[in-house]
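*Asks:* sequence and predicted structure are below.
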Amino acid sequence: MYWANFLHFYQPAGQQEDIMEAIVAQSYRPILNGVKKNKKIRLTFNINGALLELFDKYGYRDLIDILRDLGKEGRVEFTSSSKYHAFLPFAEEKEIIRQIQINDETNKFYLADGYKPQGFFPPEMAYKKELVLILEDLGFKWIILDEIACGGEPGRVDYKKVYKIKDSNLLVFFRERRLSNLIMSAVVRSEETLKEAMKDDLKSGRYLITAMDAETFGHHRPGLEKMLFDVLAAPEFELIQISDIPKHYKDYEEVSPVKSTWASSVEDIKNNIQFLSWNDPENIIHKFQWDFLNMVLREFYKVPVDAPGYPVLRDKIDAVLASDPFWWASAKPWWSLEM
């Protein structure tokens, strides 16, 4: 079975040094060293430019070197994304384009020829149809979304087909929710439990796409980083990158993805509240946050680009578009005053 595994690496630009130290020790270094040692592994990574700058700031330049080498060797392919993890369905088109462009500039600076993105990862896999034309104009070939974006419920995706977004040339690859969540929740902790979860699918001729946060392995789930390399070594799987899927599957189908994130439920989509964790009309803190951000943006857009200090101001505006403060204010159930 062909298996395309996607890992998303991200920390907010203002992350504390002690927290970065823990995440690097528990997740990032074990994952990257494991991939470096295992020549069989082929993976797709998203790493936001803000995180590469944190690696540089806090002295983890060896991790940047490993990432660059893995990209140059073709063992890891990188997607593009929003540099500061902006929630793109709520961002203006010009800010979406800028977030992508500055992400690519940063990643190209650190990863050099190892960074050649064909695909795009929208933070939180948050999708709205207006993204399609933007991504096509920027030259991307595909986007990754959760399978719930295909028809508004899990189980609609035929993993023997390649999907193209209707009225575009942009391919869309769908993360399989069930198996991704089984791995993330540590229900699957070994090669044997993975094969049990797959059951008859192993011989069905289909492909598999899993996608999750890299921090799942070791930081959120201690010990799970060891399981990752055990299951990736299973002989039943041929590891490929997402961009490789069309080389092996030639049956195409058009689809119109629905607004969603990788956390959206069927009920969320039916009730048109799929973005509730970032903008809840009943959450007064969200209202204050969005009112304040929109006021700041209105004032910023009045500033001439040749004004003294404009580049510094522009950089700060880029960073405040991050989705994290809204998510941590959602209290459904996550809450952090610091974030």
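*Replies:* Looks like it arrived, so ask away.

*Asks:* you'd agree Gln26 is up against Pro222?
*Replies:* Yes: between Gln26 and Pro222 there is a contact at 7.0 Å, judged by C-beta atoms under 8 Å. Every residue, glycine included, has its C-beta placed from N, CA and C.

*Asks:* more crowded one of those two?
*Replies:* Just comparing Gln26 and Pro222: by other C-beta atoms under 10 Å the higher neighbour count belongs to Gln26, 19 against 12.

*Asks:* domain ranges for the chain, per the record?
*Replies:* The chain breaks down into these structural domains: 2-270, 284-328 (assignment by automatic domain parsing).

*Asks:* switch these over to TSV; also include distance to Leu276.
*Replies:* Listed next are the domains of the chain as TSV, based on distance: least, C-beta to C-beta, whole Å:
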stretch	distance to Leu276
domain 2-270	7
domain 284-328	9
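
*Asks:* mean neighbour count, the ones you listed: which tops it?
*Replies:* Comparing the domains of the chain by mean neighbour count (mean count of other C-beta atoms under 10 Å), domain 2-270 comes out on top with a mean of 18.

*Asks:* can you give me phi and psi for the closest residue in space to Pro12 that isn't next to it in sequence?
*Replies:* With C-beta to C-beta, 6 or more residues apart in numbering as the criterion, Pro12 has its nearest non-adjacent residue at 4.9 Å, and that residue is Asp324. The phi/psi pair for Asp324 (degrees, to the nearest 10) reads phi -60, psi -50.

*Asks:* correct me, but Asp324 touches Ala86?
*Replies:* No: Asp324 is beyond contact range of Ala86, at 10.1 Å (criterion: C-beta under 8 Å).

*Asks:* C-alpha coordinates for stretch 139-147, PDB please?
*Replies:* As requested, C-alpha coordinates have been extracted for stretch 139-147 and formatted as PDB (Å, rounded to 0.1, in the frame of the first residue of the first chain):
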ATOM      1  CA  GLY A 139       1.700  28.400  -9.100                       C
ATOM      2  CA  PHE A 140       0.700  25.700  -6.700                       C
ATOM      3  CA  LYS A 141      -0.400  22.300  -8.000                       C
ATOM      4  CA  TRP A 142      -2.300  21.000  -5.100                       C
ATOM      5  CA  ILE A 143      -3.800  21.600  -1.600                       C
ATOM      6  CA  ILE A 144      -4.300  19.300   1.300                       C
ATOM      7  CA  LEU A 145      -7.600  19.300   3.200                       C
ATOM      8  CA  ASP A 146      -9.400  17.000   5.600                       C
ATOM      9  CA  GLU A 147     -11.700  14.400   4.100                       C
END
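
*Asks:* how distant is it from the center of its chain?
*Replies:* Stretch 139-147 has its average C-alpha position 10 Å from the chain's average C-alpha position, going by C-alpha atoms, centre = their mean, to the nearest Å.

*Asks:* quick one, strands of this structure?
*Replies:* Taking DSSP state E as the criterion, the chain carries its strands at 2-9, 43-47, 76-78, 119-120, 142-146, 162-165, 171-175, 207-213, 238-240, 252-255.

*Asks:* about what we covered before: gap between the residue nearest to Pro12 and Phe300?
*Replies:* With distances taken as C-beta to C-beta, to the nearest Å, Asp324 is found 20 Å from Phe300.

*Asks:* and if you look at Ile269?
*Replies:* 33 Å.

*Asks:* now Phe90
*Replies:* Distance from Phe90 to Phe300, by C-beta to C-beta: 16 Å.

*Asks:* please apply the same query to Arg61.
*Replies:* Applying C-beta to C-beta, the value for Arg61 to Phe300 is 33 Å.

*Asks:* kindly report the same for Asn272.
*Replies:* Here Asn272 is placed at a distance of 30 Å from Phe300 (C-beta to C-beta).

*Asks:* contact partners for Met125?
*Replies:* When contacts are counted by C-beta atoms under 8 Å, 6 or more residues apart in numbering, Met125 is found next to 144-146, 149, 175, 211, 260-262.

*Asks:* in CSV: the strands of the chain, plus mean pLDDT.
*Replies:* Conversion of the strands of the chain to CSV gives the following (pLDDT from 0 to 100):
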stretch, mean pLDDT
strand 2-9, 97
strand 43-47, 99
strand 76-78, 99
strand 119-120, 99
strand 142-146, 99
strand 162-165, 99
strand 171-175, 99
strand 207-213, 97
strand 238-240, 96
strand 252-255, 98
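
*Asks:* nearest to Pro311, out of these?
*Replies:* Shortest distance between Pro311 and the strands of the chain, using C-beta to C-beta, is found for strand 43-47: 24.3 Å.

*Asks:* pairing partners for the closest one, with directions?
*Replies:* Using DSSP bridges, the strands paired with strand 43-47 in its sheet are strand 2-9 (parallel), strand 76-78 (parallel).

*Asks:* which among these is found nearest to Leu133?
*Replies:* By C-beta to C-beta (comparing all of those), the closest turns out to be strand 76-78, at 22.7 Å.

*Asks:* need the helix or strand of the chain with the lowest average pLDDT.
*Replies:* In the chain, no helix or strand scores lower on mean pLDDT, DSSP states H and E than helix 191-198, which sits at a mean of 84.
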